[in-house]
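Student: predicted model and sequence below, questions to follow.
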Amino acid sequence: MVDSYVFRYMREEDIDQILEVEHASFTTPWSREAFYNELNNNKFAVYIVLEENDKIIGYCGAWIVIDEAHVTNIAILPEYRGKKLGEALLQKMMAEAREMGAKSMTLEVRVTNQIAQSLYRKFGFQNGGIRKNYYSDNQEDALVMWVNL
């Protein structure tokens, strides 16, 4: 099933489609400028897109600094969720980070987002702490999770 999908690095011309995924996935979506800056000005940033028939249906971003990878965001269009595509995308990013020398990976997730937490735990992520009032839209806390790569 996942075989019909293509993974590749994000390009600047992908931003319009990335914004569609972003707006469908998050209450406080990143801006066009944020993605532009990630792709053009952040030497630590790595972004992977997931495509089906040249349509971007998901993406994952991370900052890889020395031997640590920090997932900035991961999202799948709502109509493609429940098909293990988020798992495939996370697995791809973990492999990419490992190849680039990362020994561990971290991310923040809303404390109420049990579906995402379950996905991360499936890949060995463990709770590492709480960031109080992390999310600007509702001041929800973030659970920090870590995994050794």
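Tutor: Arrived safely, thanks for sending.
Student: and the one residue sitting closest to the centre of the chain, what's its pLDDT?
Tutor: The chain has residue 74 as the residue nearest its centroid, 2.3 Å off, counting by Cα atoms, centre = their mean. pLDDT recorded at residue 74 is 95.
Student: who does the helix or strand harbouring it touch, helix- and strand-wise?
Tutor: Per DSSP states H and E: residue 74 is located in strand 68-76. Applying 3 or more Cβ pairs under 8 Å, 6 or more residues apart in numbering; DSSP states H and E, one finds that strand 68-76 makes contact with helix 15-25, strand 55-65, helix 85-99, strand 104-110. Every residue, glycine included, has its C-beta placed from N, CA and C.
Student: try it again at 10 Å.
Tutor: Contact analysis of strand 68-76 by 3 or more Cβ pairs under 10 Å, 6 or more residues apart in numbering; DSSP states H and E lists helix 15-25, helix 32-41, strand 45-52, strand 55-65, helix 85-99, strand 104-110, helix 114-122, strand 142-148 as its packing neighbours.
Student: I figured the residue nearest to the centre of the chain hits residue 25, correct?
Tutor: Yes: applying Cβ atoms under 10 Å, one finds residue 74 in contact with residue 25, separated by 9.0 Å.
Student: which residues do those two both contact?
Tutor: Listed contacts common to residue 74 and residue 25 are 58-59; contacts here mean Cβ atoms under 10 Å, 6 or more residues apart in numbering.
Student: who's in contact with residue 15?
Tutor: Neighbouring residues of residue 15 by Cβ under 10 Å, 6+ apart: 22, 30-36, 38-39, 56.
Student: now those residues: which count as buried?
Tutor: Buried residues within those, counting neighbours by 16 or more other Cβ atoms under 10 Å: 22, 30, 34-35, 38-39, 56.
Student: return the helix or strand in this protein with minimum mean pLDDT.
Tutor: When each helix and strand of the chain is scored by mean pLDDT, DSSP states H and E, helix 114-122 comes last, with a mean of 92.
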